[in-house]
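J.: Sequence and predicted model, in that order:
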Amino acid sequence: MIERVLVENFRCFQSLEVTGLKRVNVIVGKNSSGKSAFMEALFLSSSSNAPNAAFQMRAIRKAGAGYQVPGDELALRSIWADLFFDFNTEEKIHIQLKGTAGDQRQLSIAFRERTLQGSPSGKALESATAFPQIVFTWKRGGGRDIVIKPTVTPTGLDIHDAPVDFFPMIWFNPGAADAPDLTAKRYSELSKRKQAQPIVEAIRGEYDFVEDLSIEFHSGLPMLFATIKGKPQKVPIGLVSDGIQRLITILLGIAYYKNGAVLIDQLEDGFYFDHFPSIWKVIYSFSVRYSTQLFISTHSDECLNAVRDTLEANSGDFALLRAERNDKTCTIGRFSGDSLLSAIQQKVEFR
Amino acid sequence: MPNGEVIIDCPKIILCEGSGDAAFLRHLIEVRHLPRFYLTYPTHHDPGKPGGRGGFTERLKALKLIRGFEKVTDVLVVSDNDDSPTRRFQEVVELIEGAPGYSAPRAPRVPAGAGPRVTIFMLPTDNTPGQLETLCLESCLSHWPEMARCLNAFIACNAHLAEWDQGKQEKMKMRTMIASICSSDPNTSLTHAWDRTEDIIPLEHECFNDLSNFLQAFGA
């Protein structure tokens, strides 16, 4: 479980250290205070697919995912500049995660001079593409470094090494639903291991008109279907309800990324308000069952108030992280689950 | 300001027992031109959790999450002695100790800890049984002296009232005084007593001097 996060020169964070992270970390903060950037820092450090992920995040943030092959150093730097604090690509990005078991992993992102191939005469070859390149380097405690030097090509990013997920982590963003076949795949993996029943029971408990879940083929693709009370045939889960689909996706993520972490941006998205208390309860129980750490952001007062029952019984497993924008940089304040509970009970505004 | 608190905009906080105390302090500060404080008190909205003095621990913990708390230098906890100054002070100490990050004073008016310092002021004053109403009643009766005799007669006519302790009697008297003076709304509570046109509880009365002088020094 991640206990401490150190971030330097990344997005809105010049230098950030957050300690005392818990099983469930509730993230609040005003717009543009660094909530998403904090989750991005966690996410990028978990996978060597980070270069692609960085571009996907740009698309999720509706900042455009397109780019042209850079013709010069300035153009290349500008493609990646939004990852760097104050767009300063001269400084190195450093993200370090420390676990409760003493494990540690780091990601650094920096522009480095290319190593030019030597000519027969021993002199470096001059080339039009001899400007610096961006280098992603992951260091894992004891393991070999993973170094990726993505190249921007007309067809996308060229990443020579095969992407490796060396820490199981997934990010659920309200603007980007999982593909139906991916949900089906995860469900199928659990079902094959006879571990899908808790998902079915959780959905039944939350939505009593759902009798069962199953994988069926729809237009040639595997898809998760629901058996609905009183309906003559099964229904693709996406057609039943956005909320049900999202809850299944989240629970599958928690189960599938066992011993890892799940990032949920804007938990309230898609759910009717009276489901919030039981959704917190089932999400928490899944995180305990699968030893999955949660990072959950929300803007919703209703959603935060609804965590109270779960919090009362398990405050030691919770932390509140509040992102703040200052004049120059963003920071994150960390509060205990006990303080969070008091603030909810006392109805103070802390978002 | 118990609900919807968005930002603590003053480095010195007064935490009192409830809305009546907060209204009294707010008007005392205004009338006597005392320094500005951030006034707060525990809420009663959760049936499972105590408001009033019993909610001090939860309120102190919750305050830390309100923006601006990082600039708070001092917290003054104002509470009633009731029938036992020693016991009530000790109760307040234990409630403060229940909130991590706060230091509990060893005696009234003596600050403890740092970041923020915590001070306790017991009403009506140190080592004297009573509560806020003790002071308010003294002020009110001095302004409406003819009512004192009637109040005592009322108590004498109702034998069970004589069995009430002094604190309960003072609260009953105070409510009776407000109801009988406040012709615009006899149902007015202590919380709104200073919002009426009648000068029910004059805050210039000397009985408030001790508290007022303390707040002046505390806020300086």
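T.: Looks like it arrived, so ask away.
J.: and the residue of the stretch 51-200 of chain A found nearest chain B, backbone torsions?
T.: Minimum separation of the stretch 51-200 of chain A from chain B (C-beta to the nearest C-beta) falls at A:T100, amounting to 21.0 Å. Where C-beta positions appear, they are placed from N, C-alpha and C, glycine not excepted. Backbone torsions of A:T100, given as degrees, to the nearest 10, read phi -70, psi -20.
J.: so how far is chain A from the residue located most distally from the centre of chain B?
T.: The centre of chain B is farthest from one residue, B:C157, which by C-alpha atoms, centre = their mean lies 30.6 Å away. The spacing between B:C157 and chain A, counted by C-beta to the nearest C-beta, to the nearest Å, is 43 Å.
J.: same thing with B:S139?
T.: Using C-beta to the nearest C-beta, B:S139 is found at 31 Å from chain A.
J.: and that residue, what helix or strand is that in?
T.: Using DSSP states H and E, the element containing B:S139 is helix B:132-143.
J.: other SSEs contacting that helix?
T.: helix B:19-31, strand B:117-123, helix B:146-157, helix B:166-181 (3 or more C-beta pairs under 8 Å, 6 or more residues apart in numbering or on different chains; DSSP states H and E).
J.: quick one: which of those is nearest B:H192?
T.: Taking C-beta to C-beta, helix B:19-31 is the member of these nearest to B:H192, at 7.0 Å.
J.: right, quick check: the helix or strand following the closest one against chain A, any contact?
T.: Counting by DSSP H and E, the element after helix B:19-31 in chain order, helix or strand, is strand B:38-40. No - legend: contact between strand B:38-40 and chain A by C-beta under 8 Å from any C-beta of the partner chain is lacking; minimum distance shown is 8.7 Å.
J.: what are the ranges of the helices in the stretch 51-200 of chain A?
T.: Ranges of helices within the stretch 51-200 of chain A are A:73-80, A:180-192, A:197-206, based on DSSP state H, counting those that start in this stretch.
J.: got the contact list for the helix holding B:S139?
T.: The contact list for helix B:132-143 (C-beta atoms under 8 Å, 6 or more residues apart in numbering or on different chains) reads B:20-21, B:24, B:80, B:123-124, B:128, B:147-148, B:167, B:170-171, B:173-174, B:177-178, B:181, B:190, B:193, B:199-203, B:205, B:207-208, B:211.
J.: Report the mean per-residue pLDDT for that helix.
T.: Mean pLDDT, helix B:132-143: 94.
J.: about what we covered before: among the contacts of helix B:132-143, which ones are buried?
T.: B:20-21, B:24, B:80, B:123-124, B:147, B:167, B:170-171, B:173-174, B:177-178, B:181, B:190, B:193, B:200-203, B:205, B:207-208, B:211 (16 or more other C-beta atoms under 10 Å in any protein chain shown).
J.: And the closest residue to A:L76 other than its chain neighbours, what's its pLDDT?
T.: In space, A:L76 comes closest to A:P70 once its chain neighbours are excluded; the distance is 3.9 Å by C-beta to C-beta, 6 or more residues apart in numbering or on different chains. Looking at A:P70, its pLDDT is 75.
J.: Name all residues that make contact with A:P70.
T.: Contacts of A:P70 were listed using C-beta under 8 Å, 6+ apart, and they are A:76, A:78-79, A:152.
J.: Ranking by neighbours, what's the top pick from those?
T.: When neighbours are counted as other C-beta atoms under 10 Å in any protein chain shown, the busiest of the contacts of A:P70 turns out to be A:L76, with 22 neighbours.
J.: As TSV, the helices and strands packed on helix B:132-143 with distance to A:G253 would be great.
T.: Formatted as TSV, the helices and strands packed on helix B:132-143 follow (distance: least, C-beta to C-beta, whole Å):
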stretch	distance to A:G253
helix B:19-31	46
strand B:117-123	44
helix B:146-157	69
helix B:166-181	57
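J.: Could you export these as CSV, including mean pLDDT?
T.: Output for those, formatted as CSV (pLDDT from 0 to 100):
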stretch, mean pLDDT
helix B:19-31, 95
strand B:117-123, 98
helix B:146-157, 87
helix B:166-181, 91
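J.: what are the phi and psi angles of the residue nearest to A:S191 when sequence neighbours are not counted?
T.: Leaving aside its sequence neighbours, A:S191 sits nearest to A:I215 (C-beta to C-beta, 6+ apart; 7.2 Å). Here is the backbone geometry of A:I215 (degrees, to the nearest 10): phi -90, psi 130.
J.: Could you tell me which ranges of chain A sit under the pLDDT cut-off?
T.: By pLDDT under 70, the low-scoring segments of chain A are A:48, A:59-67, A:115-130, A:160-166, A:175-177.
J.: hmm, try it at 80
T.: Applying pLDDT under 80 to chain A flags the ranges A:47-71, A:114-131, A:140-144, A:153-166, A:174-178.
J.: just chain B next, same as before
T.: B:1-5, B:44-51.
J.: What residue spans form the domains of it?
T.: Residue ranges for the domains of chain B, per automatic domain parsing: B:12-129+B:208-218, B:132-202.
J.: Deepest in the core, which of those is it.
T.: domain B:12-129+B:208-218 (a mean of 18; mean count of other C-beta atoms under 10 Å in any protein chain shown).
J.: Now the terminal residues of that one, how far apart.
T.: Chord length of domain B:12-129+B:208-218, first to last residue, is 9 Å (C-alpha to C-alpha, to the nearest Å).
J.: and what of stretch A:296-315?
T.: Stretch A:296-315 end-to-end distance (C-alpha to C-alpha) = 15 Å.
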